[in-house]
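*Asks:* Predicted model follows, preceded by the sequence.
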Amino acid sequence: VANEGGKHWTVNEVRALIRIWSDKNIQQQLEGTVRNKRIFEQVAARLQKFGIDRDWKQCRTKYKNLKHEYKSVKSAQDSGSTSKSMKFFNELDAILGHCTMEQASKSDNDESERPSEWTEAKSGKDSIG
């Protein structure tokens, strides 16, 4: 699939993008935001260090495409189909596979913990005042 820039991504370029994407710091930033231009500017700057000339829009488009492709392959596998596959599935599974599990359990924990934290904070303030 041609990107906005019109230049296909090479295997090495995609590998470099995935390597940067697998950085925990980048993952956390991407998880927490929709307006992610600044993050992809960082990604593009890091690709530049590998000698890869891509702008933030190209990086974001490739990221979205990879993520979408991964999800469709993953859901096909979950439904028992083995006909769907993709080149970087294992690399992406290492990033996204555990990510979605962690997020699911994390959000469950957050919801169950929050009310008790709030009540603790309130009772703490009350006893001080």
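*Replies:* Yep, that arrived.

*Asks:* Assign a three-state SS to the residue positioned nearest the centre of the chain, would you?
*Replies:* Centroid check for the chain by Cα atoms, centre = their mean gives Gln27 as the closest residue, at 5.0 Å. The three-state assignment at Gln27 reads helix, by DSSP: H, G, I helix; E, B strand; the rest coil.

*Asks:* Surely it is in contact with Trp21?
*Replies:* Yes. Using Cβ atoms under 8 Å, Gln27 makes contact with Trp21 at a distance of 7.1 Å. The C-beta positions use only the backbone N, C-alpha and C, and glycine is treated the same way.

*Asks:* Mutual contacts of the two, please.
*Replies:* Ile95 (Cβ atoms under 8 Å, 6 or more residues apart in numbering).

*Asks:* and Ser22, how far is that from Ser79?
*Replies:* Going from Ser22 to Ser79 by Cβ to Cβ, to the nearest Å gives 27 Å.

*Asks:* so where's this protein uncertain?
*Replies:* Applying pLDDT under 70 to the chain picks out residues 1-6, 98-129.

*Asks:* now with 90?
*Replies:* Where the chain drops to pLDDT under 90, the residues are 1-7, 31-35, 77-78, 80-85, 97-129.

*Asks:* Next, count neighbours for Leu30.
*Replies:* Other residues lying near Leu30 total 19 when counted by other Cβ atoms under 10 Å.

*Asks:* Leaving out the residues flanking it, which one is nearest to Leu92?
*Replies:* Among residues not flanking Leu92 along the chain, Tyr70 sits closest, at 4.4 Å (Cβ to Cβ, 6 or more residues apart in numbering).

*Asks:* who does the one helix or strand the one you found maps to touch, helix- and strand-wise?
*Replies:* Assigned by DSSP states H and E, Tyr70 belongs to helix 56-78. When contacts are defined as 3 or more Cβ pairs under 8 Å, 6 or more residues apart in numbering; DSSP states H and E, helix 56-78 packs onto helix 11-21, helix 37-49, helix 89-92.

*Asks:* All set, thanks.
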